[in-house]
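[1] sequence and predicted structure below; questions after.
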Amino acid sequence: MPFESIFTSFVMMWAVVDPVGTLPVFLSATRAQPAKERNRIARLAVMVAGGILLFFLLVGELLLDAMSVSMEAFQVAGGIVLFLFALSMIFGESKPEAEMKSVPDARDVAIFPLATPSLASPGAMMAVVLLTENAQNSFVDQFWVGLIMCVVLACAYVIMRLAARISKLIGDAGAGVISRVMGLILASIATTHVLEGIQSFFGLA
C-alpha cells in the first residue's frame, strides 16, 4: 500500500473517529468515577468500538452485495453522508458539545456514548467500508486499513487515559477547534469519494 494511501486512510479514520473530540465526552461521563474505573471504562469503550468497526470492515461489503447495492452507489451515498457529518462538525455543535449532552446517568457509559456514537460513529462505519472495497483494494490494503483503525483507536485509548492532563492543556474549547478542523478535512475527503463514485459509475476518464 503506497505511503500516500496509508496517510490518507489514517487522516480519514482520525477525522471520523476523532479521538480528541471524545476527550470532553469521556471526562463528562466519568467525572464521578475513581481513576481505576475510568481506565476500565476507557478500555471497554475502545474494545467495543473496535469490534463494531471490525464487523463493518469484514462484512460491510458482503451486506451491500446481499442487498444488491453497487459499491459505486454506496461510495456516493457514503461520501454524501460523510460530507453531512463533516458539515455538522464544522457548522453545528462540535462533537464534544453535542455528545456531552447525551451522557446518560447509567453507571457504565463505556457503550453509550463513548463506544458509539463517539468512537464508532456512523461516519466511521461507512469509512471502513469505503476504504476496504474489494474491487479496488487487495487483502494487504485491507489489512493496512484494519491496522490503521487499530492505531487510531489505540490513540483514543491513550488520550482517554491522559484525559485529565490533556484537558488542562487544551480545554474544551481547544478540543472543539480541533474537531472542526477535522471536519473540514473530512469534507474534502468525502467530496473526493463522491466524485470517484460518479466517475466509476459513468465510466468517465
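    Structure's in. What do you need? Numbers count the residues shown, from 1 in each chain.
[2] quick check on residue 162: phi, psi?
    When read as degrees, to the nearest 10, the backbone of residue 162 gives phi -100, psi 20.
[3] how deep is it tucked in, by neighbour count?
    For residue 162, the neighbour count with other CB atoms under 10 Å is 13. Quick note: C-beta positions are derived from backbone N, CA and C, even for glycine.
[4] and it, what's its pLDDT?
    Residue 162 carries a pLDDT value of 93.
[5] any idea how far it is from residue 188?
    Taking CB to CB, to the nearest Å as the measure, residue 162 falls 29 Å from residue 188.
[6] what of residue 10?
    Relative to residue 188, and taking CB to CB, residue 10 is found at 15 Å.
[7] lowest average confidence, helix or strand, in the chain?
    Ranked by mean pLDDT, DSSP states H and E, the weakest helix or strand in the chain is helix 95-100, scoring a mean of 61.
[8] scan the protein for its longest helix.
    Across the chain, the longest stretch assigned as helix under DSSP state H is helix 163-202.
[9] would you mark the buried spots in that helix?
    By 16 or more other CB atoms under 10 Å, the buried positions in helix 163-202 come out as 163, 166-167, 172, 174-176, 178-180, 182-183, 186-187, 189-190, 193-194, 196-197, 200.
[10] could you pull up phi and psi at the closest residue in space to residue 37 that isn't next to it in sequence?
    Spatially, and ignoring its direct neighbours in sequence, residue 37 is nearest to residue 30 (7.3 Å; CB to CB, 6 or more residues apart in numbering). Per-residue torsions, residue 30: phi -120, psi 20 (degrees, to the nearest 10).
[11] identify the residues contacting residue 30.
    Going by CB atoms under 8 Å, 6 or more residues apart in numbering, residue 30 touches 37, 38, 41, 109, 163.
[12] same check, this time on residue 57
    Counted by CB under 8 Å, 6+ apart, residue 57 has contacts 128, 129, 132, 142, 145, 146, 149.
[13] show me the contacts for the closest residue to residue 144 other than its chain neighbours.
    In this structure, residue 144 finds its nearest non-sequential neighbour in residue 1, 4.5 Å apart by CB to CB, 6+ apart. Neighbouring residues of residue 1 by CB under 8 Å, 6+ apart: 140, 141, 144.
[14] mind putting the residues you listed into a markdown table with secondary structure and neighbour count?
    Shown next, in a markdown table, are the contacts of residue 1 (DSSP: H, G, I helix; E, B strand; the rest coil; neighbours: other CB atoms under 10 Å):
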| residue | secondary structure | neighbour count |
| --- | --- | --- |
| 140 | helix | 8 |
| 141 | helix | 19 |
| 144 | helix | 19 |
